[in-house]
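Colleague: need a 3D model of the following:
(one chain, ligands or ions: 1)
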Amino acid sequence: MLRQPLLMLSRSDKVKNLVTSMPVSSSIVSRYVPGESTEEAVEGTGALIDNGLHVTLDFLGEDTLDREQADATVAAYLDLLAALTDKGLARNAEVSVKLSAIGQALGSAGQPGLGPVSEGEKVALENARSICRAARNAGTTVTLDMEDHTTTDSTLGTLRELRKDFPETGAVVQAYLHRTEADCRDLAYEGSRVRLCKGAYNEPESVAFQDKHEVDKSYVRCLKVLMAGQGYPMVASHDPRMVDIAGALATRNGRAQGSYEYQMLYGIRPDEQRRLAEAGEKVRVYVPYGQEWYGYLMRRLAERPSNLQFFVRSLVSKK
Ligand SMILES: Cc1cc2nc3c(=O)[nH]c(=O)nc-3n(C[C@H](O)[C@H](O)[C@H](O)COP(=O)(O)OP(=O)(O)OC[C@H]3O[C@@H](n4cnc5c(N)ncnc54)[C@H](O)[C@@H]3O)c2cc1C
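Modeller: Have a look, this model is predicted:
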């Protein structure tokens with residue numbers, strides 16, 4: 001109910017200035033983001049791995065509209081992968097990349113379904129290749145995050161291109177989109193790593209289910225396709241029902257633990273993350289870091305309006 005107003009409010013400059021004047025160490029920010037620097041991200045990663053968890057790291061920053069910023073994001077990922085290798089963490093930590101942060105939106109739009117044809121798509125593909133190469137050299141993988149529906153065809157087109165050289169590259173699909181069950185069928189082939197999430201953007205009725213119950217039903221239909229398929233499902237949800245259903249479907253399809261994984265966000269249901277890992281499941285925590293934490297934080301708060309009271313208190317006390 002509060003999701004849309006909160007997302008709209010988050011676009012106000014006044015709100016942004018107020019929130020970003022808070023230190024990253026304030027409790028509301030540090031709950032969701034371990035820090036702004038590579039060192040802090042690597043330190044947070046080490047602590048999670050010590051607890052039997054796996055990690056995927058996201059260098060925060062979306063909608064890059066200039067080439068220099070896209071290049072700086074690529075450099076940040078290369079720096080991160082080198083630091084993970086140095087600390088011996090790369091085997092258990094991969095990276096998640098948003099194509100918009102590495103140039104997808106530069107220049108004019110491409111034509112849906114035709115692969116990387118616009119200037120931005122070409123830049124993003126080349127940048128993604130650099131990150132995939134560095135990840136492979138480090139002994140780990142990349143997953144391409146999925147953004148709003150206007151980028152879905154472009155992102156899946158870039159994924160197809162990338163997978164020619166780096167078949168281990170992970171895809172993300174969003175259950176709230178009407179198209180996603182069909183996308184799951186296309187992606188459920190051997191070796192294909194597919195993260196299924198509900199979807200975090202504000203999408204119109206023409207492309208997305210609006211009712212939470214409909215989204216949940218779609219999530220289950222997509223899970224059925226992925227679990228019955230030949231790929232590697234990555235079940236990204238904090239929803240206890242989805243976690244249970246995923247477990248039941250894995251058993252029904254004769255999948256051993258480790259032939260699929262659970263994924264949750266840093267700071268959300270940490271006890272459940274550990275419980276699943278202790279039960280022998282593979283669990284990966286999505287760890288966002290970097291200076292551009294504002295948009296990410298506001299999306300998490302919009303998902304969980306009960307956090308709002310805590311948030312307002314943090315703003316007032318600036319702690
Ligand atoms: C690993 C991972 C990667 C993701 N990647 C993408 C992506 O590439 N593209 C994209 O659009 N979305 C992505 N998402 C976000 C996702 O689409 C949802 O917006 C988000 O996960 C909330 O959906 P849910 O499945 O947890 O279910 P919900 O129905 O939203 O929540 C279920 C329960 O989880 C708990 N919970 C959920 N959110 C919070 C919160 N913020 N604070 C505290 N408790 C909470 C509550 O107990 C809630 O009842 C990703 C999510 C995860 C876990």
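Colleague: CA atoms for contacts and neighbours, from now on please.
Modeller: Will do.
Colleague: where does the one residue in the stretch 51-200 of the chain that gets nearest to the ligand sit: helix, strand or coil?
Modeller: Nearest residue of the stretch 51-200 of the chain to the ligand: Gly199, at 3.1 Å (CA to the nearest ligand atom). Under DSSP: H, G, I helix; E, B strand; the rest coil, the three-state class of Gly199 is coil.
Colleague: contact partners for it?
Modeller: Listed by CA atoms under 8 Å, 6 or more residues apart in numbering, the contact set of Gly199 reads Val173, Gln174, Ala175, Tyr176, Leu177.
Colleague: among those, which one sits closest to Leu6?
Modeller: Leu6 lies nearest to Tyr176 out of the contacts of Gly199, by CA to CA, at 19.2 Å.
Colleague: count of residues packed around that closest one?
Modeller: Neighbour count for Tyr176, taken as other CA atoms under 10 Å: 26.
Colleague: right, and it touches Val215 too?
Modeller: Yes: Tyr176 is within contact range of Val215, at 5.0 Å (criterion: CA atoms under 8 Å).
Colleague: any residues in contact with both of these two?
Modeller: Shared contacts of Tyr176 and Val215, counting by CA under 8 Å, 6+ apart, come down to Lys198, Phe209.
Colleague: top of the contacts of Gly199 by neighbour count?
Modeller: When neighbours are counted by other CA under 10 Å, Gln174 leads the contacts of Gly199 with 29 neighbours.
Colleague: what residue ranges in the stretch 151-300 of the chain score low on pLDDT?
Modeller: Applying pLDDT under 70 to the stretch 151-300 of the chain flags no residue at all.
Colleague: where along it do the strands fall?
Modeller: 171-174, 193-197, 232-236, 261-265, 283-289 (DSSP state E, counting those that start in this stretch).
Colleague: okay, those strands in CSV with distance to the ligand next?
Modeller: Below are the strands of the stretch 151-300 of the chain laid out as CSV (distance: least, CA to the nearest ligand atom, whole Å):
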stretch, distance to the ligand
strand 171-174, 6
strand 193-197, 4
strand 232-236, 4
strand 261-265, 4
strand 283-289, 5
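Colleague: out of those, nearest to Gly254?
Modeller: Of all the strands of the stretch 151-300 of the chain, strand 232-236 comes closest under CA to CA, at 13.3 Å.
Colleague: these two touch, right, Val207 and Leu177?
Modeller: Yes: counting by CA under 8 Å, Val207 does reach Leu177; the two are 5.8 Å apart.
Colleague: what touches both of these two?
Modeller: His149.
Colleague: picking up where we left off before, rebuild the strands of the stretch 151-300 of the chain as TSV, extending it with distance to Gly46.
Modeller: What follows is these, written out as TSV (distance: least, CA to CA, whole Å):
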stretch	distance to Gly46
strand 171-174	25
strand 193-197	23
strand 232-236	21
strand 261-265	16
strand 283-289	11
